[in-house]
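> need coordinates for the following:
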Amino acid sequence: MAVAGAGAGADRRLTAVRLPFELRANDVVRHVVSVDSRFRDTPSSRESSPSDFYYTLLAPVRNVLRVRMVSVEFPNNYRFFTERRRNVAVRVLYTDPSGAAYAVVLTVPDGNYTAGDMVDALGAAILDASGSGAVPGFGALGLGVTFSESTGTFTFTGRRVFGLDMSWTGAASAPVGWVRPFDYGLGWYLGFTKRLHMATGSGTSWTLESDGCANFAGDNYVFVRVNDWACVRQTVVVYEGAGGTGVPARNDFVALAKVVLREPKNYMTFDDYAGQHAKEVVFPAPVDLTRLRIQVLDPYGEPVDLCTAQWSFSLEVLEVRNPLLFNALRDSLVAAAAGCGGRLEGGNSGGNGRGNDDDELLTRSGTGTAGRYVCFAGDGTGVAGGAVGP
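Model (predicted):
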């Protein structure tokens, strides 16, 4: 491709967008909108929450071409084990000395746990159930629980034969587990597969060890949904079929961003676009930004209870003040995102999936004819150039 008319001092990193006329410096303006859940429209907990709220801009941004999430500041301290997530209860089956069968449900409080914390919480639940006297013979069972750091497994012990029912989901009116094969309840995180586990032993020594590894890391990622902007699509399989049959059904939902939680619990997660996960949408027609609907969703598309913790993110908004340029710039952005990037005068050629640099664009509409081109600098402004030929 031959380029003529570019100044001798032109930045070699600038790239060309084929347009029928010159682009002026104020035709395209970049805005950065900071959104903080503390300043949402209705901060009352009765009307909104940090994970589901509206945010109104005092000054609307009109004729928006592209929106991109450029930073996220997210506190990874929300409670992972909660009654709402159905992962705080496990059912123990046993027989009393007379041979009568009983069941006891052990429930731990909502919160975040390490393996050691879970041992303490289960021990407290066992002690509470043993001393209440509501279930005959449970105290005589002498149930205990330990965790092995070397194997990553939990071990339950008792003085009589007992079992743990990991397939139990509770009553329909008060479910405590899920029908799905993963994340189905507390047993999954203790390392027990979804079935009835029976202790082995004899006399007054019975042992039951988990057949998998325990996991207390919490969610690996969350989704940020803004309005109906679809950049990321998550497909989920729902097993809560009609009548509790567990027939799987595939559903999906969309979001603007997938935020990877690299930091452990009780640490702040920062995402400044360094991970290069796509978090942008290019609109097919100009849109005006006045109000945002913002939600934080877990991997299953359910709202995350942030437990009053507040978070923030920044949106980079590209406004086209010259409406005649919208279609040409939109097509250029789409082409660059598809891997049509290149550089002028000796730079790299060929696409890499995102274009060359943040706002470097290169596209050509047709071949064999010369036309005007403009350069997009790193700040989103236009720099007039010369002619583009085949």
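> what's across from V145 in the sheet?
F156 (DSSP bridges).
> hmm, A125 and it touching each other?
No: using CB atoms under 8 Å as the test, V145 is too far from A125 to be in contact (9.5 Å). Yep, even glycine has a C-beta here, placed from its N, CA and C like the rest.
> looking at the two now, which is surrounded by more residues?
A125 (22 against 19; other CB atoms under 10 Å).
> nearest spatial neighbour of the more buried one, chain-adjacent residues omitted?
L106 (4.2 Å; CB to CB, 6 or more residues apart in numbering).
> give the bridge partners for that neighbour, please.
V90.
> against R330, how distant is it?
57 Å (CB to CB, to the nearest Å).
> looking at these two, which is more packed in?
L106 (21 against 18).
> shouldn't that one be in contact with L122?
Yes: look at L106 against L122 with CB under 8 Å: they come within range, at 6.2 Å.
> need the longest helix for the chain.
Scanning the chain for the helix with the most residues, using DSSP state H, yields helix 115-132.
> any idea which helix or strand comes after it?
helix 138-141 (DSSP states H and E).
> quick one: list the elements packing against that next one.
Under the contact definition 3 or more CB pairs under 8 Å, 6 or more residues apart in numbering; DSSP states H and E, helix 138-141 sits against strand 89-95, helix 115-132.
> can you tell me which of these is most buried?
Ranked by mean neighbour count, those are led by strand 89-95 with a mean of 21 (mean count of other CB atoms under 10 Å).
> check which helices and strands it sits against.
Helices and strands touching strand 89-95, by 3+ CB pairs under 8 Å, 6+ apart, are strand 101-107, helix 138-141, strand 162-165, helix 186-190.
> can you lay out these as a markdown table showing mean pLDDT and distance to D117?
Shown next, in a markdown table, are these (pLDDT from 0 to 100; distance: least, CB to CB, whole Å):
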| stretch | mean pLDDT | distance to D117 |
| --- | --- | --- |
| strand 101-107 | 92 | 15 |
| helix 138-141 | 87 | 23 |
| strand 162-165 | 95 | 20 |
| helix 186-190 | 96 | 12 |
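> R321 is nearest to which of those?
Set against R321 and scored by CB to CB, the helices and strands packed on strand 89-95 come closest in helix 186-190, at 52.9 Å.
> and that closest one, what does it pack against?
For helix 186-190, the packing partners by 3+ CB pairs under 8 Å, 6+ apart come out as strand 89-95.
> which secondary structure element of the chain has the lowest mean pLDDT?
With mean pLDDT, DSSP states H and E as the measure, the helix or strand of the chain carrying the lowest mean pLDDT is strand 371-376 (a mean of 33).
> what's the local residue count around P60?
With other CB under 10 Å as criterion, P60 counts 11.
> residues contacting it?
Applying CB atoms under 8 Å, 6 or more residues apart in numbering to P60 gives the contacts 288-290.
> closest to M69 among these?
Using CB to CB, the contacts of P60 come closest to M69 at L289, 13.5 Å.
> highest mean neighbour count out of the helices and strands packed on strand 89-95?
helix 186-190 (a mean of 24).
> after it, next one along is what?
strand 196-198.
> what helices or strands is that following strand leaning on?
Judged by 3+ CB pairs under 8 Å, 6+ apart, strand 196-198 is in contact with strand 162-165.
> now do 10 Å
Applying 3 or more CB pairs under 10 Å, 6 or more residues apart in numbering; DSSP states H and E, we find strand 196-198 packed against strand 89-95, strand 162-165, strand 205-209.
> by contact count, what packs against the second one?
Using 3+ CB pairs under 10 Å, 6+ apart, the elements in contact with strand 162-165 are strand 89-95, strand 101-107, strand 153-158, helix 186-190, strand 196-198, strand 205-209.
> out of those, which gets nearest to N215?
The nearest among the helices and strands packed on strand 162-165, by CB to CB, is helix 186-190 at 5.4 Å.
> can you get me the start-to-end distance on stretch 188-196?
The stretch stretch 188-196 measures 13 Å between its terminal residues, going by CA to CA, to the nearest Å.
> on that earlier part again, shared neighbours of V145 and A125, anything?
Shared contacts of V145 and A125 (CB atoms under 10 Å, 6 or more residues apart in numbering): L106.
> any idea how far D41 lies from A257?
Look at D41 and A257: by CB to CB, they are 21 Å apart.
> what ranges of the stretch 251-390 of the chain fall below the confidence cut-off?
For the stretch 251-390 of the chain, the stretches with pLDDT under 70 are 273-276, 336-390.
> go with 90
262, 266, 271-279, 282-286, 307-308, 319-390 (pLDDT under 90).
> now the helices for it?
According to DSSP state H, counting those that start in this stretch, the stretch 251-390 of the chain carries its helices in the segments 326-337.
> where do the strands sit along it?
257-260, 267-271, 280-297, 312-320, 371-376, 382-388 (DSSP state E, counting those that start in this stretch).
> return the set of buried residues in the top strand by length along the chain.
Secondary structure of the chain per DSSP state E: the longest strand is strand 52-76. For strand 52-76, burial by neighbour count (16 or more other CB atoms under 10 Å) applies to 52-53, 55, 61, 63-69, 71-72, 74-76.
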